[in-house]
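Novice: Structure here, sequence nowhere to be found:
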Ligand SMILES: Cc1ncc(COP(=O)(O)O)c(C=O)c1O
């Protein structure tokens, strides 16, 4: 097939036409089980009636109006989102990278304000003086996005090729789980600590709860903000609405995207406490951000996620997958990691996780890889036991054919 799209994704030669629940069909009518959900995006699966209805009805009313004005659905969604998450303010953007960019800017401004006070803001804008408190700490193996700042924030050197240099300054990394470093790392130059609660792109690595709490305490003692990047973990993916709820650190800022609007492009930052009034008009903006159509979709999503039992089912489905895979005692799998429906299966080094992904796709299962050698499952949160079992049957056949 002649490719006219820039090959920046290295896409597979599969053309999908439609989906239903956790199933997808390609243009030849072949069925696939979706253990990818558009990389943790389609939380309600495909063709979800509540989501489709919300989008159709909103499209007929107004799709976009500009942030010069407010929309009734936007105001309703903000209320519903803040009530469900317990935060005080929300900012909307269009993607995960943008949500993190906004959070980085907010932390830098917070650092400036904490030294200089808001009364000097006008002169600060003019004289270009950088804040002493500006350093953003992120975790080794983290992933925060593809813009220049979020790439630099990403704690994996392979994401920093020299051909994109120069990168923005003021980013440092620490190792999650290292209790010694956090005793001294944060100083009066530290603006924020970013924690990716379960590192998705880095290999589905869970951040230890005790360490996260100690790190957040140390960062706050040094006067810094705590930010959780929940672009992948947020909106129920790990079995709680926010993964940081389970870590018990109540960050000052949470960034969200992916599942937030069930498949429409949207990102968000949630702010509370010291972070809630840092941004003022003009500090950060985007043309499309939070338009009525995405807010209507996001409102339908949050309604579904907060229904009684919805999140319990996410944990139950994740347990079913993990216990089934563990019961195979497959010699190719050296570790099973994850939480809820964000799962990683580490593959022994002599086999490539990518080869497993390719073979799964050939046999009708969509999944992906993470980190060096991990197969990652991120199915829709509404996946049924039948769909899970059907998908796992394919995964098992691929693995055991590779053993022999
Ligand atoms: C934790 C995390 N942060 C940020 C991003 C970037 O999100 P986006 O691709 O929507 O810009 C991702 C994407 O995979 C992510 O997993």
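Specialist: Received it, and whenever you're ready, just let me know what you need. Treat the numbers as computed from the prediction; the structure is a model and nothing was measured. Numbering: from 1, shown residues only.
Novice: can you list the domains in this structure?
Specialist: 16-34+308-403, 51-305 (automatic domain parsing).
Novice: near the ligand, which residues of this protein show up?
Specialist: Proximity of the chain to the ligand (CB under 6 Å from any ligand atom) is limited to residues 95-97, 100, 143-145, 196, 200-201, 229, 231-232, 257. Every C-beta, even on glycine, is put in place using the N, C-alpha and C of the backbone.
Novice: any idea which of these is closest to the ligand?
Specialist: Among the residues of the chain next to the ligand, residue 96 lies closest to the ligand (CB to the nearest ligand atom), at 2.2 Å.
Novice: Need phi/psi at that closest one.
Specialist: Main-chain dihedrals, residue 96, degrees, to the nearest 10: phi -70, psi -40.
Novice: Let me know whether it touches residue 143 as I believe.
Specialist: No. At 9.2 Å, residue 96 does not count as touching residue 143 under the criterion of CB atoms under 8 Å.
Novice: who's in contact with residue 192?
Specialist: Contact partners of residue 192, counting by CB atoms under 8 Å, 6 or more residues apart in numbering, are 103-104, 107, 110-111, 136-137, 219, 224-227, 253.
Novice: lowest-confidence helix or strand of this structure?
Specialist: Across the helices and strands of the chain, mean confidence by mean pLDDT, DSSP states H and E is lowest for helix 121-127: a mean of 63.
Novice: Just flag the most distant two among the contacts of residue 192.
Specialist: 104 and 219 (15.0 Å; CB to CB).
Novice: And the two? Which one has more around it.
Specialist: Higher neighbour count among residue 104 and residue 219: residue 104, with 29 against 26, using other CB atoms under 10 Å.
Novice: ok so, going back, highest average neighbour count across the domains of the chain?
Specialist: Among these, ranked by average contacts under mean count of other CB atoms under 10 Å, first place goes to domain 51-305 (a mean of 20).
Novice: For this structure, just list every one of the helices.
Specialist: In the chain, the helices defined using DSSP state H lie at 37-40, 49-61, 72-85, 96-116, 121-127, 148-153, 179-184, 209-221, 243-247, 292-305, 310-327, 353-363, 385-403.
Novice: Work out the gap between stretch 198-208 and the centre of the chain.
Specialist: For stretch 198-208, the gap between its own C-alpha mean and the chain's C-alpha mean amounts to 11 Å (CA atoms, centre = their mean, to the nearest Å).
Novice: Please apply the same query to stretch 134-141.
Specialist: 17 Å.
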